[in-house]
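S.K.: sequence first, predicted model second:
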Amino acid sequence: ATPTSIMVGTGRAAELGVLFRKGEALQRLREASVIAVDKTGTLTAGQPELTDFAVRDGFAEDTVLALVAAVEARSEHPIAQAIVAAAAARGLAAVTLDTFEAVPGYGVTGTAGGARVDVGADRFMQKLGIDPTPFADEAVRLGGEGKTPLYAAVDGRLAAVVAVADPLRPTTLPAIRALHDMGLKVAMVTGDNRRTAEAIARRLGIDTVEAEVLPEGKVDVVRRLSAQGARLAFVGDGINDAPALAAADVGIAVGTGTDVAIESADVVLMSGDLRGVVNAIALSRATMRNIG
Ligand code: ADP
Ligand code: MG
């Protein structure tokens with residue numbers, strides 16, 4: 001490719017809201033065979049809402065939700081915002097938070113109103129030695145509906161199951177169809193629950209699912225898929241996506257995402273959705289064709 005054709009290509013891309021930070025990415029993207037996509041904030045809007053909340057016998061719903069919200073008020077995870085908003089919508093009085101700790105990829109722990117409160121995934125409860133299986137049927141149902149089941153424990157006792165649902169972006173399904181039409185495979189990479197991820201992947205026709213991936217594990221997934229011979233473009237938005245963006249053949253950051261993600265990427269999409277990936281690949285192929 002000549003420098004001029006790459007300049008023309010990157011210029012045209014910019015008009016479509018696709019910023020190629022490196023000219024060679026325009027050439028490498030054409031060779032991609034798998035597009036691996038982070039779920040939260042990329043396939044979905046990244047704005048989950050609380051959909052379900054149930055307590056075990058002996059626990060009062062409003063009391064537990066107020067405690068959970070007190071801890072989540074300090075978390076920056078989109079899940080936390082959903083829970084805090086739900087507690088506010090119920091008009092629950094705020095409980096003072098004394099200590100707080102976030103365990104990335106697992107959940108959060110805090111002391112609020114004199115109680116120890118743990119909120120997070122199935123694997124977080126297991127890590128804490130709290131058995132989440134009393135809610136097993138509930139979790140299977142919620143996951144099957146594409147909702148994320150979470151658990152809350154008060155003073156080390158399982159107290160509630162909470163579910164949040166993050167709506168798909170309306171552009172996601174057509175974009176995945178377009179990627180398939182271009183001969184590409186699409187893989188989902190997520191820290192979310194396996195059942196939840198699989199339910200969403202089914203709706204979207206996504207080819208492979210890597211679920212329950214820890215924040216530092218995304219880069220391993222990228223390396224593993226690459227080792228299987230795939231030319232891989234990874235699309236993500238979060239801080240924890242940065243190493244995977246850097247390790248992929250082409251790292252594509254969603255422009256609405258975090259600065260760290262953007263700095264680690266070869267390509268930045270100004271729009272916060274997958275259509276930009278379709279445009280970027282189409283352009284990359286067209287530019288390289290023109291050069292012959
Ligand atoms: P992703 O970016 O794919 O959502 P994360 O690593 O951020 O992955 O989170 C993985 C899982 O850890 C979440 O699906 C949730 O179960 C749990 N988790 C993380 N942060 C929180 C939080 N603040 N409150 C409750 N659960 C959380
Ligand atoms: Mg994310």
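M.R.: The structure has been received and is ready for your questions. Ligands and ions are numbered 1, 2, ... in the order given.
S.K.: ok, how many other residues are close to the residue in the stretch 51-200 of the chain that ligand 1 sits nearest to?
M.R.: Here the stretch 51-200 of the chain gets closest to ligand 1 at one residue, residue 191, 2.4 Å apart by Cβ to the nearest ligand atom. C-betas here are computed from N, CA, C, even on glycine. By other Cβ atoms under 10 Å, 25 other residues sit near residue 191.
S.K.: and the one 10 residues further on, by the same measure?
M.R.: Using other Cβ under 10 Å, residue 201 is surrounded by 22 other residues.
S.K.: what residues are up against it?
M.R.: Residue 201 sits next to 188, 209 when contact means Cβ atoms under 8 Å, 6 or more residues apart in numbering.
S.K.: please tell me I have it right and residue 130 contacts residue 154.
M.R.: No - with contacts defined as Cβ atoms under 8 Å, residue 130 does not count as touching residue 154, sitting 10.3 Å away.
S.K.: looking at the two, which is more packed in?
M.R.: Summary of the neighbour comparison: residue 130 and residue 154, criterion other Cβ under 10 Å, with residue 154 having more neighbours (22 against 16).
S.K.: wait, isn't that one in contact with residue 66?
M.R.: No - no contact is recorded between residue 154 and residue 66 when judged using Cβ under 8 Å, the distance being 10.9 Å.
S.K.: got the residues of the stretch 51-200 of the chain near ligand 1?
M.R.: Remark: the part of the stretch 51-200 of the chain in contact with ligand 1 comprises 72, 75, 77, 79-80, 104-108, 119-121, 148, 150, 190-192, using Cβ under 6 Å from any ligand atom.
S.K.: out of these, list just those in helices.
M.R.: Per DSSP state H, helices hold the following members of those: 72, 79-80.
S.K.: most neighbours of all these, which one?
M.R.: Of all those, the most densely surrounded is residue 72 (29 neighbours; neighbours counted as other Cβ under 10 Å).
S.K.: what's the closest non-adjacent residue to that residue?
M.R.: Computed as Cβ to Cβ, 6 or more residues apart in numbering, the closest residue to residue 72 that is not its neighbour in sequence is residue 80, at 3.8 Å.
S.K.: which residues of the stretch 1-150 of the chain lie near ligand 2?
M.R.: The interface of the stretch 1-150 of the chain toward ligand 2, taken as Cβ under 5 Å from the ion, is made up of 38, 40-41.
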